[in-house]
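**Student:** sharing a sequence plus its predicted fold:
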Amino acid sequence: MQKQLASVLLALALALVACAGPESSVPAANGVRQGVREGDLARDFTLKTLAGVDTQPPAEVSLSGYRGSVVLINFWATWCQPCTDEIPDLEAAYEARQEDGFVVLGVNHEQLPAEIEPFVTALQVTYPILVDESGQVLRLYRGVGLPMSVIVDREGVIRVRHVGYLPADQLDRYLAELLP
């Protein structure tokens, strides 16, 4: 019995170490940790834009290209009702705060452009929609579900990690702390 208990405890300890391992936070050159938690320097990624999947070469966007802006990375899918419910509020915030340096990057999770495009067109989304067919970026950010939003400040540091539906009033409170 004690051997079984010891084995279970060892397995749990290894799982905890694995979850907090090198992918969650690593030292960066300037002393700020790079990772996926609030206070970490956001991990960079590059994805094709929805408009760019058919162009040669494909149009790509990198998070690092938005340094100096406040960026909301929104992980979503067309089949996710809370995701689709929050898109009009994200679009409204983007339109209202774009001149203040606010950007929304809609990272679609594991869907093909043909599935995404009619939906985005119908909702008249104007912020960049990025195609993550393999789900690599949500895994990079250790996403636990959809929708998930990560807000990165002008210096590239994660300030908010919000899992679930993001109400407009909550988004306004987050942005009030980061934008003039």
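**Tutor:** Received the coordinates, thanks. Numbering: from 1, shown residues only.
**Student:** so is the residue positioned nearest the centre of the chain in a helix, a strand, or just coil?
**Tutor:** Centroid check for the chain by Cα atoms, centre = their mean gives residue 73 as the closest residue, at 3.7 Å. Reducing the assignment at residue 73 to three states with DSSP: H, G, I helix; E, B strand; the rest coil gives strand.
**Student:** low pLDDT regions in this protein?
**Tutor:** 1-32, 52-58 (pLDDT under 70).
**Student:** and the strands in it?
**Tutor:** 25-27, 33-35, 41-42, 46-49, 60-62, 70-76, 102-109, 129-132, 148-152, 158-163 (DSSP state E).
**Student:** next, find the distance separating the residue nearest to the centre of the chain from residue 118.
**Tutor:** For residue 73, the distance to residue 118 (Cβ to Cβ, to the nearest Å) stands at 23 Å. C-beta: built from backbone N, CA, C; applies to glycine.
**Student:** quick check on residue 39: phi, psi?
**Tutor:** In terms of degrees, to the nearest 10, the main-chain angles of residue 39 are phi 100, psi -10.
**Student:** check residue 155 too.
**Tutor:** phi -90, psi 0.
**Student:** pull up the gap between the closest residue to it other than its chain neighbours and residue 154, please.
**Tutor:** Among residues not flanking residue 155 along the chain, residue 67 sits closest, at 7.6 Å (Cβ to Cβ, 6 or more residues apart in numbering). Distance of residue 67 to residue 154, given as Cβ to Cβ: 7 Å.
**Student:** one more: residue 107?
**Tutor:** Taking Cβ to Cβ, one finds residue 107 at 20 Å from residue 154.
**Student:** compare the two (neighbour count), which wins?
**Tutor:** Shown here are residue 107 and residue 154; by other Cβ atoms under 10 Å, residue 107 has more neighbours (26 against 15).
**Student:** what's across from the more buried one in the sheet?
**Tutor:** Judged by DSSP bridges, the bridge partners of residue 107 are residue 75, residue 130.
**Student:** who's in contact with it?
**Tutor:** 47, 73-76, 130, 132, 137-138 (Cβ atoms under 8 Å, 6 or more residues apart in numbering).
**Student:** which residues touch the nearest residue to the residue nearest to the centre of the chain once chain neighbours are set aside?
**Tutor:** Nearest non-adjacent residue to residue 73, counting by Cβ to Cβ, 6+ apart: residue 150, 4.5 Å away. Residues near residue 150 by Cβ under 8 Å, 6+ apart: 36, 42, 72-73, 75, 141, 158, 160-162.
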